[in-house]
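>>> Show me how the following folds:
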Amino acid sequence: MRVFRSADHAFSPWKNGGGTTAEIAIGPPGATLDAFDWRISMARVASDGPFSSFPGVDRTLSIIDGAALRLSVDGRTVELTTRSNPFSFPGDAAVHATRSAGDVIDLNVMSRRSHYAHRVSRIAAYGTLVPAEASILCLFCADGSLEVECGGQAAHLGARDSLFIEPDAAPLRWAGNSATLLLIEILAVPCRKIPGTPS
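The predicted structure follows:
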């Protein structure tokens, strides 16, 4: 298993000046925004405005800090908070974001639908995961802290740390202290579609 620490993530400004992004992981390694197969990142939304378009890409957004973020997605409005379920939408949709009060930090998962499908789920602070068919599995600690164990290896995760495990790894067990956790599953295609992902 591999742990990516929040302290190692550097936020870079958006071209439009509306926020900053810290990349957590990308496939293949070193890929650009025009050529990635999948990408996991955090963004600080510092102003209202349109999202960038990512043709052929599916996205899932989860609010991890700040007040509500209202999204207009092809004319449909949805309001997201730290208590909302992750919200999935096509990356080529017309999206406009409006903050209710101050900056918002979100977790953004993207996959190129010709290569991968993905799912992001909120999970309990205590649990066990038996890795299955997903190509990439990531446990993201949005808040709080937890202890994890996998195949005799142990690690501590703090707020905004990420743990990546191999799909054929031993069962992963975790116990958190009021931790807010997100499980990211990324699956190569052609494959059986992950329930709950965009069509």
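>>> contacts and neighbour counts: CA atoms only from here.
Will do.
>>> Pull up the pairing partners for the helix or strand hosting residue 121, direction included.
Using DSSP states H and E, residue 121 sits in strand 116-123. Taking DSSP bridges as the criterion, strand 116-123 sits next to strand 172-188 (antiparallel) in its sheet.
>>> For residue 180, name its beta-bridge partners.
residue 143.
>>> switch to numbering from 41
Noted, 41 is the first residue going forward, which turns the last one into residue 220.
>>> hang on, it packs against residue 184?
Yes: counting by C-alpha atoms under 8 Å, residue 220 does reach residue 184; the two are 6.4 Å apart.
>>> Which residue is the nearest non-sequential neighbour of residue 66?
Among residues not flanking residue 66 along the chain, residue 79 sits closest, at 4.3 Å (C-alpha to C-alpha, 6 or more residues apart in numbering).
>>> angle of the host helix or strand of the one you found against strand 156-163?
Element membership for residue 79, per DSSP H and E: strand 78-85. Interaxial angle, strand 78-85 versus strand 156-163 (axes from the mean of the first three to the mean of the last three C-alpha atoms, to 10 degrees): 50 degrees.
>>> hmm, who's touching strand 78-85?
Strand 78-85 has contacts (C-alpha atoms under 8 Å, 6 or more residues apart in numbering) with 51, 58-68, 143-152, 156.
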